[in-house]
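# For reference, the sequence and a predicted model appear below.
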Amino acid sequence: MVPVIILLVVMALIAFLVIGIYNRLVTLRNRYQNQYSQIDVQLKRRYDLIPNLVETAKGYMQHERETLEAVIQARNQAMAANQRAAQNPGEPQAMAGLMGAEAMLTGSLGRLFALSESYPDLKANENMGRLMEELTSTENRIAFARQGFNDAVTVYNTEREKFPNSAIAGAFNFQRAQLLELTAPEEREAPKVSFG
């Protein structure tokens, strides 16, 4: 009778351990998914600002149609990549797609800002200045939200890789989450534009 009781106690302890680890992994996965939703909000704000920025610039930069269209196309691609990433934050292919699309958008915005320097009337436009200020503020919020997301992903991945957590993570299909990293060195700096 004593061996049966010991066996039941050991099985109960193992069950509690598995349940505890499973619940901890679920909590951490939900935490990084919530952190991604903060990035999503800021990216949507950014995507909403870009058409206004292009419309304002269009009035002054009629000869730069190709650049303006490139910005809008890159914005649309980034929006689509963000929608895929928002459906499954941390999934490697979705995150890679988002990082690539964001790199293209950052590059095209950089070209627009560089060209805008040669248009004094555009630089003096109050609406353009306000939009640039909002975009800069949004870029800072994105960077802050990305840091929170990457921190949450790192905690999740670390917890997932610990033993015995790794065995339970494998059994219940807790996949490794992908960080949202910058893909190009020029992305590490916000686009610089002076309207003064």
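Ah, there it is.

# CA-only coordinates of the helix or strand of the chain with the lowest mean pLDDT, as CSV, when you get a sec.
Every helix and strand in the chain was compared by mean pLDDT, DSSP states H and E; the lowest is helix 120-124, with a mean of 78. In CSV, the C-alpha atoms belonging to helix 120-124 read as follows (Å, rounded to 0.1, in the frame of the first residue of the first chain):
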residue,chain,number,x,y,z
PRO,A,120,12.7,75.1,-49.9
ASP,A,121,8.9,75.7,-50.1
LEU,A,122,8.2,72.2,-48.9
LYS,A,123,10.7,72.6,-46.1
ALA,A,124,8.8,75.7,-45.0
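
# in it, what counts as buried?
122, 123 (16 or more other CB atoms under 10 Å). To be clear about C-beta, it is placed using only N, CA and C from the backbone, and glycine gets the same treatment.

# One more: stretch 155-172?
Across stretch 155-172, burial judged by 16+ other CB under 10 Å covers 156, 157, 159, 160, 165, 168, 169.

# Kindly report the same for stretch 84-91.
Of all the residues in stretch 84-91, those buried under the rule 16+ other CB under 10 Å are 85, 86, 89, 90, 91.

# who touches that stretch?
Outside of stretch 84-91, the residues within contact range by CB atoms under 8 Å, 6 or more residues apart in numbering are 29, 32-33, 35-37, 40, 94-95, 97-98, 149, 153, 156, 175, 177-178.
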